[in-house]
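Participant: How does the following fold in three dimensions:
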Amino acid sequence: MNLLNMKYAIAIAETKSLNKAAEKLYIGQPALSRSIKELEANLGTSLFERSVKGMTLTPDGEKFIRYAKVILNKVDEIEEMFKTETDNKIRFSICVPRVSYICDAFVNFTRHLKNDGSIEIFYQETNAMRAVKNILNDDYKLGVVRFAESYAKYYDDMFREKSLESRIITRFKYVLIMSRHSPLAKLEQITFDDLGDYIEIAHADPYVPSLPVSEVKKEELSDNCQRHIFVFERGSQFQLLSENVDTFMWVSPVQKSLLEKFDLVQRYCVDNNREYNDVLIYRDDYRLSQLDNMFIEELVYSKRVNLDNCIIK
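Facilitator: Numbering: from 1, shown residues only. Alright, predicted model coming up:
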């Protein structure tokens, strides 16, 4: 349950109409209807009786609205308490996968931040499920989710259901990175079978929300490798790859400067034909800020420089 759904329910209770409440809240009627159904499902009870005359509260609905108003009033008091401190504070927040070109865009984005006024920046590297939840709970404004093209319909349907705007950033195929001194790097071409004797370094996050890991694994890259090290922090991954010649990792193409920093190389795998998508998401009732647009510009530029112009053997 979130505060936004409480506000939605109160607006409907006051107007006794889904359409009037949607106009008052400046959101679409279908999105409002989905939010109320989701709220009722979470509570396990009906809040409204629906008829041709409009929407009226059930006994449980009256009780819920009474408590919801108390909670929201307390929230308003807390916000007012800190309003003076935060009036001039500019915020930017985004959840992203652990991806080099996005990190590069973020670094460039921070160079453009002005030194006048107070600014708070939140940059969280996490999986797709957490990114979606953070945006729906209004903790973060922007997110980038990564998923296999084979799951595109699943995600498109979810974005529509959750009233999320989505923009494709890039579509790509994973490549392999490894130490420059790895025996893998010396092969003329690399196949799935060649990976069997090596250790795969992988992100310790599930790839797809709401799907069994066993099912996801069937759709993921080769399972020829039987040894895995799951790591949450990207710097540790690169250090492992750099210092252990028996390791490799599947990644979206990495910029040359980062490869040189850790003495790594990236190579195609001739057996890999699966495509992946990186998609920008945010709530469809959210208006992008100046900082949001600034970051998106850096993201598009970084993608063009680091992925589109990337040379891989």
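Participant: what sits up against the longest helix seen in the chain?
Facilitator: If you go by DSSP state H, the chain has its longest helix at helix 59-81. Here helix 59-81 makes contact (CB atoms under 8 Å, 6 or more residues apart in numbering) with 3, 6-7, 9-10, 13, 43, 45-48, 57. Where C-beta positions appear, they are placed from N, C-alpha and C, glycine not excepted.
Participant: Run the chain-centre distance for the strand or helix carrying Lys24.
Facilitator: If you go by DSSP states H and E, Lys24 is part of helix 18-25. Chain-centre distance of helix 18-25: 29 Å, with CA atoms, centre = their mean, to the nearest Å.
Participant: now stretch 130-145
Facilitator: 6 Å.
Participant: Between its first and last residues, how far does that stretch reach?
Facilitator: One end of stretch 130-145 to the other measures 10 Å (CA to CA, to the nearest Å).
Participant: Any buried residues in it, and which?
Facilitator: Using 16 or more other CB atoms under 10 Å as the test for burial, stretch 130-145 gives 130-136, 140-145.
Participant: what do you get for stretch 115-130?
Facilitator: 123, 125-130.
Participant: Same list (the residues you listed) but as a markdown table, adding secondary structure, distance to Arg160 and pLDDT.
Facilitator: Listed next are these as a markdown table, based on DSSP: H, G, I helix; E, B strand; the rest coil; distance: CB to CB, whole Å; pLDDT from 0 to 100:
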| residue | secondary structure | distance to Arg160 | pLDDT |
| --- | --- | --- | --- |
| Tyr123 | strand | 27 | 93 |
| Glu125 | strand | 26 | 89 |
| Thr126 | coil | 22 | 87 |
| Asn127 | coil | 21 | 86 |
| Ala128 | helix | 16 | 87 |
| Met129 | helix | 17 | 85 |
| Arg130 | helix | 20 | 87 |
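Participant: Tell me where the stretch 201-313 of the chain has strands.
Facilitator: 227-231, 247-251, 264-267, 275-283 (DSSP state E, counting those that start in this stretch).
Participant: Met158 is nearest to which of those strands?
Facilitator: Met158 lies closest to strand 275-283 among these, at 9.9 Å (CB to CB).
Participant: Describe which strands the closest one pairs with in its sheet and in which direction.
Facilitator: Paired neighbours of strand 275-283 in the sheet (DSSP bridges): strand 142-148 (antiparallel), strand 164-173 (antiparallel).
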